[in-house]
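Q: Dropping the sequence and predicted coords here.
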Amino acid sequence: MSEFVGLRIPVTADLEKFSALLWQLSVPHRISEERGMLVVWVGAESHVTQVKDLYERLQSGDLELRLESTAVTAKAPSTWYRNLATAPVVVVLLLLSLLGSILPVVDRHFEILPLLSFYQLHVIGGDLQGEWPRGELWRVITPAFLHFGLMHIVFNALWLWELGGMIERRQGAVRILGLVLLVAAGSNIAQAMTGVSLFGGMSGVIYGLLGYIVVWNRLRPATPFPLVKGVAAVMLVWLLVCMAGFTELLGLGAVANTAHLSGLVLGLILGLAAALLDRKPESSLS
């Protein structure tokens with residue numbers, strides 16, 4: 001689901017009642033704060049003119065806003081559902097990742113995990129051995145959904161929703177799905193080339209999404225993603241911490257650093273390609 005800018009006004013404005021009016025008129029939207037401005041996002045280009053017209057009429061006094069107090073609160077219980085509906089592809093990815101975090105716990109006899117890992121794994125004499133996949137193309141993607149431990153799935157789920165949802169809401173389901181598949185495949189192959197192991201997680205994809213957003217914001221400042229200042233720096237520092245081996249010293253286990261780094265590089269490349277080649281008209285601004 002792509003989004004369009006319906007309205008951009010100073011952050012000092014109060015849009016609570018105006019938002020309630022839009023919901024009463026069946027105009028799906030969300031409001032974000034970006035660079036000192038309030039931005040009203042709508043899901044259809046046809047709603048852009050409607051939103052602007054309603055707000056202009058309201059400001060000029062041509063439209064009298066009459067809302068019952070219950071009208072505003074009636075929408076509150078469904079806010080979480082509306083948020084999920086804005087990024088259906090990311091929701092599906094989150095559900096698959098959740099299942100992938102449960103699997104290592106319930107698959108005690110190591111029967112299902114070898115089917116989803118990159119390598120065709122076997123335990124022989126207590127040692128883990130594996131063969132490069134032949135014809136089983138799903139293996140280049142499925143490791144991204146495997147997660148080992150609570151912190152692993154929680155960290156990745158939060159960032160997948162934040163970064164992935166950001167991209168899907170702005171640029172659509174096809175864009176985010178393509179990014180995830182390309183980065184997952186590339187980062188998994190890169191990690192597999194370092195040696196036979198059971199690895200998994202969305203971290204490589206997340207770093208890819210971060211790289212994509214950073215490059216896009218740099219090259220297309222007219223339509224930036226609302227990435228909180230400092231997030232990229234923090235995540236890059238964490239990448240360096242992991243590569244330095246501090247996670248193992250802290251007892252957090254080994255990290256698939258090659259997947260993280262290759263995912264970031266792929267994201268930067270894809271962000272560059274998208275920013276230069278995407279000829280879709282910029283969303284209307286006001």
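A: Perfect, I can see it now.
Q: Mind checking what secondary structure residue 196 has?
A: coil (DSSP: H, G, I helix; E, B strand; the rest coil).
Q: Got the confidence number for the residue nearest to residue 270 when sequence neighbours are not counted?
A: The shortest distance from residue 270 to any non-neighbouring residue, by C-beta to C-beta, 6 or more residues apart in numbering, is to residue 212 (5.4 Å). Yep, even glycine has a C-beta here, placed from its N, CA and C like the rest. On pLDDT, residue 212 comes in at 98.
Q: Can you get me a residue count around residue 212?
A: Burial of residue 212 is recorded as 29 neighbouring residues (other C-beta atoms under 10 Å).
Q: so who does it touch?
A: Contacts for residue 212 (C-beta atoms under 8 Å, 6 or more residues apart in numbering) come out as 167, 179, 267, 268, 270, 271, 274.
Q: Average pLDDT for stretch 12-23, rounded please.
A: On average, stretch 12-23 scores 80.
Q: Dead centre of the protein: give me the residue that sits there.
A: Nearest to the geometric centre of the chain sits residue 164, at 1.1 Å (C-alpha atoms, centre = their mean).
Q: residue contacts, that residue?
A: With C-beta under 8 Å, 6+ apart, residue 164 has these contacts: 87, 89, 90, 93, 176, 180, 209.
Q: Helix, strand, or coil at the last one?
A: The one in question is residue 209. helix.
Q: now it: how far from residue 93?
A: 11 Å (C-beta to C-beta, to the nearest Å).
Q: where along the stretch 101-250 of the chain do the strands fall?
A: In the stretch 101-250 of the chain, the segments counted as strands under DSSP state E, counting those that start in this stretch are 120-124, 127-131.
Q: Please produce JSON lines containing the ones you listed, extended by mean neighbour count and distance to residue 142.
A: Listed next are these as JSON lines, based on neighbours: other C-beta atoms under 10 Å; distance: least, C-beta to C-beta, whole Å:
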{"stretch": "strand 120-124", "mean neighbour count": "13", "distance to residue 142": "12"}
{"stretch": "strand 127-131", "mean neighbour count": "12", "distance to residue 142": "14"}
